[in-house]
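J.: have a look; sequence and predicted model below, questions after that.
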Amino acid sequence: MRVSPWLAIALLSSACAAPAATEEKTPADVALEQGEKKTSTDPAVNPDAAALAEFKMRVDAYADMHKELAKGDAKPQETADPAKISATKQALAGRVQATRVNAKQGDLFTPAVQPVFRRLLSPELKGEDGHDAKEVLKDDAPAAGTVPFKVNGKYPESQPLPSVPANLLLTLPVLPAPLEYRIVGKHMLILDMAADLVADYMLNVMP
Amino acid sequence: MRRLSIVVVLLALSIASAAQELRLPNKEGSVKFAVIGDTGEPSSGQAAVARQMADWKSRFPFTFALMMGDNLYGAESARDYERKFSAPYKALLDGGIKFYAALGNHDDDGQIQYKLFNMDGQKYYTFKPQNGVRFFALDSNYVDQKQLQWLDKELAASGSDWKIAFFHHPLYSSGATHGSADLQRGLLEPVFLKYGVNVVFSGHEHFYERVKPQKGVAYFTIGSSSKLRKGDLRKSELTAYGNDTNYAFMLVEIAGDELYFQTINDKGQTLDTGSIKRVGDVKPNPNVTTQPVVPQAKPSPVQPGPTQAKPDPKK
């Protein structure tokens, strides 16, 4: 078969323009993809979509409320005066506590989403990664009895903030700022990091 | 006999003096900085390290310092910021040194607003002190999707710069108390390799350890700038050099494709020194860096070598 020289040139230049090899995905890329699928709020992808969508709506509403409250003397801003950092936190915490005066356990971790969280975490707590995750939690644990399992309770300033094992984080729904997950003992907290408050908690997440 | 005594004294003086010599090239126009870690304990060790840093600055004019987290242990009132940071490092702050902090597991998020930590209100951030070198401060307490996506984007945009990451938890460590942060490593290391991160500094372990380059990336742990965990470094196959008996800080210089380091204790004595060179170009590959660092010169610590290996109770 005779190939036109112009076609040959076109094919050659298109081959040169394409990447030499398909770019490999990093474990982070794979974990991100899997995490997105497991926490998707699209019912076509995820059977737990409804509970997760409700959870997302509630944490987003918390973040919106927070944004509204973090104004004036409660607005975190860069300062060389550490007294202002504490004062801003206190002002913000006071406003959040006043606004959420009737908040109760389960407002974010709704009864419907709690089993979903347990299902998401369970496989991550097995095997080598699970062992490492438990070691991390022990390693950075605050002193027993110091963290209040109480909505709107203040996270104790003098206690370390336990790091969250990366494999667990990537399997859970992403939280909007200023919310973050923390695991203390067997229990999971959602902390308002800007106000140092417990936004919600779920008991006995860990086996 | 008297002559012999004089010789011995002179020899001792000469060794002590050599231990306090600057071992960095101190080139004009190079990037010069210090590295400290786990600094937030107001101790005699912290004060001595801070004094030494100020003293060495007169010989080696570094312009900024990286902080590896646990910047303030315990309470974080205004008085604590002063007692644990601004008072001990006053001479350096007055001398114009900028501190760039990462967060440790003992640090409250409020620190990101503290102007003297230069975090710009962010838990992870990047800065470029000079053309050709870019730093990435990460929050290893909370490696979530958002941070990984940010890191990927920022590294991809950093081109041919030296890429230096720093954060609290060491990805490789021979510490008995903590050890390597395997879970963070599983996610961060491939990203580092993909974009050719050259050097990583961490703390968390209260000792100094220079790890043999791993997959072409140089790793240093420097978490002994105010706290010390004597006997905690279990020299392992990872260890190129380590010290868990001295409070310490590092001085680092980057000139062209070479990075030089000198690790100094609270008495001003050199514990470790050496240099690395980066070679090759950055080509995305998550499994191996195509811009590895290679040790340049045989390190020649003046002080005795790494801590003796001790039996591992876990084994």
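T.: Now that the structure is in, tell me what you want to look at.
J.: can you count the residues close to residue 77?
T.: Chain wasn't specified; assuming chain A. Burial of A:Q77 is recorded as 11 neighbouring residues (other C-beta atoms under 10 Å in any protein chain shown). The C-beta positions use only the backbone N, C-alpha and C, and glycine is treated the same way.
J.: think we crossed wires, I meant chain B
T.: For B:S77, the count of nearby residues is 15 (other C-beta under 10 Å).
J.: surely it touches A:P82?
T.: Yes - under the criterion of C-beta atoms under 8 Å, B:S77 makes contact with A:P82 at 7.4 Å.
J.: what comes into contact with the host helix or strand of A:E68?
T.: A:E68 belongs to helix A:49-69 when assigned by DSSP states H and E. Taking C-beta atoms under 8 Å, 6 or more residues apart in numbering or on different chains as the criterion, the residues outside helix A:49-69 that touch it are A:39-43, A:46, A:92, A:95-96, A:99-100, A:107-110, A:112-113, A:116, A:173, A:175-179, A:190, A:192, A:194-195, A:199.
J.: just the strands in the chain please.
T.: Picking chain A for this. Along chain A, the segments classed as strands by DSSP state E run A:179-184, A:187-192, A:197-202.
J.: not quite, I wanted chain B
T.: In chain B, the segments counted as strands under DSSP E are B:31-36, B:64-67, B:98-101, B:125-130, B:133-137, B:162-166, B:199-202, B:208-214, B:217-222, B:239-243, B:248-255, B:258-265, B:270-278, B:293-295.
J.: B:R23: neighbour count?
T.: Applying the criterion other C-beta under 10 Å, we find 25 residues in the vicinity of B:R23.
J.: again with the one 10 residues further on
T.: B:F33: 22 surrounding residues under other C-beta under 10 Å.
J.: so in terms of bridging, what pairs with it?
T.: Residues in a beta bridge with B:F33, per DSSP bridges, are B:F64, B:V252.
J.: OK, contacts around it?
T.: Residues near B:F33 by C-beta under 8 Å, 6+ apart: B:62-66, B:129, B:251-252.
J.: quick check: which of those has the minimum pLDDT.
T.: Within the set of the contacts of B:F33, pLDDT is lowest for B:P129 (94).
J.: how far does stretch B:175-190 stretch from one end to the other?
T.: Stretch B:175-190 stretches 23 Å from its first residue to its last (C-alpha to C-alpha, to the nearest Å).
J.: cool, stretch B:232-251 as well?
T.: 23 Å.
J.: tell me the buried residues in it?
T.: Residues B:232-236, B:238-251 are the ones in stretch B:232-251 that count as buried (16 or more other C-beta atoms under 10 Å in any protein chain shown).
J.: where does the prediction get shaky in chain A?
T.: Along chain A, segments meeting pLDDT under 70 span A:1-24.
J.: any regions of the stretch 201-315 of chain B where pLDDT drops low?
T.: Scanning the stretch 201-315 of chain B with the threshold set as pLDDT under 70 gives B:280-291, B:294-315.
J.: so which residues of chain B form helices?
T.: Secondary structure of chain B, counting by DSSP state H: helices at B:2-19, B:44-59, B:78-81, B:90-94, B:145-156, B:182-195.
J.: which of these sits most buried?
T.: Here the criterion is mean neighbour count by mean count of other C-beta atoms under 10 Å in any protein chain shown, and of the helices of chain B the winner is helix B:182-195, at a mean of 23.
J.: and it, what's its mean pLDDT?
T.: Mean predicted lDDT for helix B:182-195 stands at 93.
J.: please name every helix or strand in contact with it.
T.: The criterion is 3 or more C-beta pairs under 8 Å, 6 or more residues apart in numbering or on different chains; DSSP states H and E, and the helices and strands that helix B:182-195 contacts are helix A:27-38, helix A:127-139, helix A:166-169, helix B:145-156, strand B:162-166, strand B:217-222.
J.: who's in contact with that helix?
T.: Residues external to helix B:182-195 that are found in contact with it (C-beta under 8 Å, 6+ apart): A:26-28, A:31, A:129, A:132-133, A:136, A:165-167, A:170, B:138, B:140, B:143, B:148, B:151-152, B:155-156, B:158, B:163, B:165, B:169, B:171-172, B:197, B:200, B:214-217, B:282, B:284-289.
J.: only the buried subset of the residues you listed, as a ChimeraX command please.
T.: A single ChimeraX command selects the buried members of these (16+ other C-beta under 10 Å):
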select /A:26,27,28,31,129,132,133,136,165,166,167,170 /B:138,140,143,148,151,152,155,158,163,165,169,171,172,197,200,214,216,217,282,285,286,289
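J.: ok, A:P76 to chain B distance?
T.: 5 Å (C-beta to the nearest C-beta, to the nearest Å).
J.: if we can go back for a sec, most surrounded residue in the contacts of B:F33?
T.: Of these, with other C-beta under 10 Å as the count, B:L251 tops at 26 neighbours.
J.: for the nearest residue to it once chain neighbours are set aside, the count of nearby residues, please.
T.: Taking C-beta to C-beta, 6 or more residues apart in numbering or on different chains, and ignoring the residues beside it in sequence, B:L251 has B:Q262 as its nearest neighbour in space, at 4.8 Å. By the measure other C-beta under 10 Å, the count of residues near B:Q262 is 21.
J.: B:Q262 pairs with what?
T.: Each beta-bridge partner of B:Q262 is listed here, defined by DSSP bridges: B:L251, B:T273.
J.: isn't it up against B:S275?
T.: No - counting by C-beta under 8 Å, no contact exists between B:Q262 and B:S275, whose distance comes to 9.7 Å.
J.: before we move on, the earlier item: how about the strands of chain B, which one is nearest A:G153?
T.: With C-beta to C-beta as the measure, strand B:98-101 is the member of the strands of chain B nearest A:G153 (27.7 Å).
J.: what does the closest one rub up against?
T.: Strand B:98-101 is contacted from outside by B:63-67, B:69, B:71, B:89, B:92-93, B:111, B:114, B:116-119, B:127, B:135, B:137, using C-beta under 8 Å, 6+ apart.
J.: what mean pLDDT does that strand get?
T.: Mean pLDDT, strand B:98-101: 98.
J.: list the buried residues in that strand.
T.: The neighbour-count criterion (16+ other C-beta under 10 Å) identifies B:99-101 as the buried residues of strand B:98-101.
J.: what's the local residue count around residue 61?
T.: Answering for chain A, as no chain was given. Using other C-beta under 10 Å, the number of residues around A:A61 comes to 13.
J.: sorry, I should have been clearer: chain B.
T.: Neighbours of B:P61 under the rule other C-beta under 10 Å: 12.
J.: confirm for me that it is in contact with B:K32.
T.: Yes - with the criterion set as C-beta under 8 Å, B:P61 and B:K32 qualify as a contacting pair; they are 6.4 Å apart.
J.: one step back: quickly check the contacts of B:F33 for the two that are furthest apart.
T.: Of all pairs drawn from these, the greatest distance, 14.9 Å, lies between B:P129 and B:L251 (C-beta to C-beta).
J.: do you know how far B:F64 is from chain A?
T.: In this view, B:F64 and chain A are 17 Å apart by C-beta to the nearest C-beta.
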